[in-house]
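Asker: Sequence and predicted model, in that order:
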Number of protein chains: 2
Amino acid sequence: MARIVMKFGGTSVADLDRIRNVARRVQREVEAGHQVAVVVSAMSGTTNQLVSWCQSLSPLHDAREYDVVLATGEQITTGLLAIALQDLGVEARSWAGWQVPIQTDGAHGKARIASIDGAELIRRMGLGQVAVVAGFQGLGPDYRITTLGRGGSDTSAVALAAALGADRCDIYTDVDGVYTTDPRIVAKARKLSRISYEEMLELASVGAKVLQTRSVELAMKEKVRVQVLSSFEDRPGTLVVDEEEIVEKEVVTGIAYSRDEAKLTVRRVPDRPGIAAAVFGALASANVNVDMIVQNVAEDGTTDMTFTVGRSDLPRAQEALSHARQEIGYWEILADTNVAKISVVGIGMRSHAGIASRMFKTLAEKGINIQVISTSEIKVSILIAADYTELAVRSLHTAYGLDAA
Amino acid sequence: MARIVMKFGGTSVADLDRIRNVARRVQREVEAGHQVAVVVSAMSGTTNQLVSWCQSLSPLHDAREYDVVLATGEQITTGLLAIALQDLGVEARSWAGWQVPIQTDGAHGKARIASIDGAELIRRMGLGQVAVVAGFQGLGPDYRITTLGRGGSDTSAVALAAALGADRCDIYTDVDGVYTTDPRIVAKARKLSRISYEEMLELASVGAKVLQTRSVELAMKEKVRVQVLSSFEDRPGTLVVDEEEIVEKEVVTGIAYSRDEAKLTVRRVPDRPGIAAAVFGALASANVNVDMIVQNVAEDGTTDMTFTVGRSDLPRAQEALSHARQEIGYWEILADTNVAKISVVGIGMRSHAGIASRMFKTLAEKGINIQVISTSEIKVSILIAADYTELAVRSLHTAYGLDAA
């Protein structure tokens, strides 16, 4: 007997047939003797309809009322799924966020879960009742409905799994797991049976959007074992777990890429203490996140600083640096959006040398120039010209032995 | 300065334009210096969609889950109307039933309001904030969402007006008031400026479906002044008030009719004590409501009993009497569905003689045969052949001086 949280996204509950299908999947777990809580999203399309109504009435609508309107989407799904389960003879009841309650902070539209009281749910699950819980929503300190922001249902599911002490949190999506790289680029990409939280975070943050980053962070903090699997096919997915659970640690687990970067070079800044603080302080004040940073050795008392920012942040970054030109005293700013970031991720790197050098050698063999390099404990990232993205990813996938047989 | 509850039904909030229109009406009351609470229904069509989903998933769905699904309709409207009001610069916030809270009993799908705590709403209305409250819903003793049944939003509005000590409860509908009779039958029907609760109840129960009967009963009990008016036109409607507020008491206020009746005659039952109890006891056990009753004088130790039941109850009534034939000992049962009930209603009747005799004289002049007669303090009802319905209503409308000039 295990205690399981199952989470179904909007496409998995898009119509009555799919809700019936979800009910049958839940029934199977119940009949296997498990205690089950289900977290559901709104039927796909519903949330967009509700958002558009709010925006039509007032572009600057009150976030608290927006939450009141949006939270109905998940509530409808909970009631319908409970009815579908009961129709199969499975005891079930629905729970709105405020009924559990799922307490959040007061940041309407993008609230964070503060605490979940799981006692009553645990009691009822022990009596064989399936708890059908509305994802994406909670109760704020002002006793009003809050929502967690887009994709928040993943976070709801992981937080609930933590509160219930669940053995596993199964996230049903429209992909069937986490792959060594994007299968649309590399036909030989392999589905991973296990991946560590840290690796998942690195992959998610560079564009493998299977799980919301926040939900993975929470799973890591609360040590919730998460499984990503398909709601349309019937086979095991990918387990996201603590690295201690991964016996055979791959040196490299996956290759990720992102084309959402822009490169900025600040030419000929004076080489004096405090200059980096001046540059990046200006960017931080403008709320621009900076990712990779390199600084050349000084020549003639000046140096060049190169770094990447999110492509959508580029105009704001350029404006912030222009404003601070007097203070910083640079010569010019160069911007380049024709770049891609390629990352090699793997917890095995910690104990293996030579990962980065193999990366550089592989790319050199293909004639791909590396513009910026940055490394973390379990990741090596490089910036290249965007045109070489697919070639780089495919070559690295082969070089690290990730290709499927 | 007055405190007002305004209630808008589903057709009044059917789309975003109509919601904006409602917001402007509310704004006008606020700008006139009034404290306003608004009770809203679901956007028309929404409830039917939600009901059909529940029924498709399971014809015998759990009433508690049905309430979870249905209550979202009103919640959406509250959020959208609050946004529309704020967009006009009117301070407003939405309230779900459970937030007020509107406490109900546990009869899911047809709950009755037990109590409303209006303290916080009164405090905020005093600060100029419009309370936008979800109609049709409440919070049951089990901390779950309940709904009041179809048309329950009228009852929500009246109950809220009572709890808030409101000066008036304005019910906006698609008719512009209460008429002396059905304007579709009598072109000269007049809109009443005032009508008493008792008269409204008598009219409602015989087919003038402007307000839910339950909401009128509640208004009478709590002495809430109700106004029925159009949400699409801009003119005063009909005030439903205590008869003490009606100075010029009309002898006859209106003529109502109903074709939803069926006539049953039990022929030749023994004329002995306890026989009426046997007949109507059998019907009560079968949950059949009996309306008009007449019993002929006995002849040869037997008598005939004639009475009316709702047309949809007729098969059940016939079956119940068949089962009790031995016990009652009648000769035969005659049923007739080709009947109509015509009622003349007016609180002035209490102090005026001759109302009934004018009715009988008017119908006799038109050659209309009266099959059954029953009277109450403020109503005279007769049963006639259905074919004469329009003729009877028109003749009586003229005879009692109700025709518009």
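Answerer: Sure thing, it's come through.
Asker: only C-alpha atoms for contact and neighbour calcs from this point on.
Answerer: Will do.
Asker: after the longest helix seen in chain A, next one along is what?
Answerer: Scanning chain A for the longest helix, with DSSP state H as the assignment, gives helix A:63-87. Scanning forward in sequence from helix A:63-87 by DSSP states H and E, the next helix or strand is strand A:92-95.
Asker: and the next element down the chain from the helix or strand of chain A with the lowest mean pLDDT?
Answerer: Here the helix or strand of chain A ranked lowest by mean pLDDT, DSSP states H and E is helix A:197-205, holding a mean of 85. Using DSSP H and E, the next helix or strand after helix A:197-205 towards the C-terminus is helix A:213-222.
Asker: Tell me the helices and strands packed up against that following helix.
Answerer: On a contact count with 3 or more CA pairs under 8 Å, 6 or more residues apart in numbering or on different chains; DSSP states H and E, helix A:213-222 meets helix A:152-164, helix A:197-205.
Asker: Switch those over to CSV, and while doing so, append mean neighbour count to every line.
Answerer: Shown next, in CSV, are these (neighbours: other CA atoms under 10 Å in any protein chain shown):
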stretch, mean neighbour count
helix A:152-164, 26
helix A:197-205, 22
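Asker: wait, which of these is closest to A:Asp170?
Answerer: helix A:152-164 (8.5 Å; CA to CA).
Asker: on contacts alone, who are the packing partners of the closest one?
Answerer: strand A:3-8, strand A:35-40, strand A:113-116, helix A:119-126, strand A:137-139, strand A:168-173, helix A:213-222.
Asker: Export it to CSV, keeping only CA atoms.
Answerer: Backbone C-alpha positions of helix A:152-164 (Å, rounded to 0.1, in the frame of the first residue of the first chain) are rendered in CSV as follows:
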residue,chain,number,x,y,z
GLY,A,152,0.8,26.3,-10.5
SER,A,153,-1.0,23.0,-10.4
ASP,A,154,2.4,21.2,-10.5
THR,A,155,3.4,23.1,-7.4
SER,A,156,0.0,22.3,-5.8
ALA,A,157,0.5,18.6,-6.4
VAL,A,158,4.1,18.5,-5.0
ALA,A,159,3.1,20.6,-2.0
LEU,A,160,0.2,18.4,-1.3
ALA,A,161,2.4,15.3,-1.7
ALA,A,162,4.7,16.8,0.9
ALA,A,163,1.8,17.6,3.3
LEU,A,164,0.4,14.1,3.0
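Asker: so it versus helix A:119-126, what angle?
Answerer: 80 degrees (axes from the mean of the first three to the mean of the last three CA atoms, to 10 degrees).
Asker: does A:Val380 really touch A:Val344, like I thought?
Answerer: Yes: between A:Val380 and A:Val344 a contact is recorded at 5.3 Å, counting by CA atoms under 8 Å.
Asker: neighbour count winner among those two?
Answerer: More neighbours surround A:Val344 than the other of A:Val380 and A:Val344, with 29 against 19 (other CA atoms under 10 Å in any protein chain shown).
Asker: Number of residues surrounding A:Gly45?
Answerer: A:Gly45: 12 neighbours (other CA under 10 Å).
Asker: From chain B, how far out is it?
Answerer: For A:Gly45, the distance to chain B equals 15 Å [CA to the nearest CA, to the nearest Å].
Asker: cool, A:Asp15 as well?
Answerer: Per CA to the nearest CA, A:Asp15 is found 9 Å from chain B.
Asker: wait, that residue sits on A:Gly45?
Answerer: No: with contact defined as CA under 8 Å, A:Asp15 does not reach A:Gly45; the gap is 10.2 Å.
Asker: Would you mind listing what in the stretch 101-250 of chain A touches chain B?
Answerer: Residues of the stretch 101-250 of chain A lying close to chain B (CA under 8 Å from any CA of the partner chain) are A:Tyr143, A:Arg144.
Asker: mind listing what the nearest residue in space to A:Ser156 that is not next to it in sequence touches?
Answerer: Once flanking residues are discounted, A:Ser156 sits nearest to A:Gly135: 5.4 Å by CA to CA, 6 or more residues apart in numbering or on different chains. Counting by CA atoms under 8 Å, 6 or more residues apart in numbering or on different chains, A:Gly135 makes contact with A:Val39, A:Val40, A:Ser41, A:Glu74, A:Gly97, A:Gly152, A:Ser153, A:Asp154, A:Ser156, A:Ala157.
Asker: so which residue of the stretch 251-400 of chain A comes closest to chain B?
Answerer: Nearest residue of the stretch 251-400 of chain A to chain B: A:Asn287, at 29.1 Å (CA to the nearest CA).
Asker: does that residue sit in a helix or strand, and which one?
Answerer: Under the criterion of DSSP H and E, A:Asn287 resides outside all helices and strands.
Asker: For it, give me the backbone phi and psi.
Answerer: phi 70, psi 30 (degrees, to the nearest 10).
Asker: so where's the stretch 151-300 of chain A uncertain?
Answerer: Applying pLDDT under 70 to the stretch 151-300 of chain A flags residues A:205-209.
Asker: Next up, phi/psi of A:Thr308, please.
Answerer: Torsion angles, degrees, to the nearest 10, at A:Thr308: phi -120, psi 150.
Asker: which residues does the nearest residue to it once chain neighbours are set aside contact?
Answerer: Nearest non-adjacent residue to A:Thr308, counting by CA to CA, 6+ apart: A:Lys263, 4.4 Å away. With contacts defined as CA under 8 Å, 6+ apart, A:Lys263 is in contact with A:Thr306, A:Phe307, A:Thr308, A:Val309, A:Ala335, A:Asp336, A:Thr337, A:Val339.
Asker: Out of those residues, which sit inside strands?
Answerer: A:Thr306, A:Phe307, A:Thr308, A:Val309, A:Ala335, A:Asp336, A:Val339 (DSSP state E).
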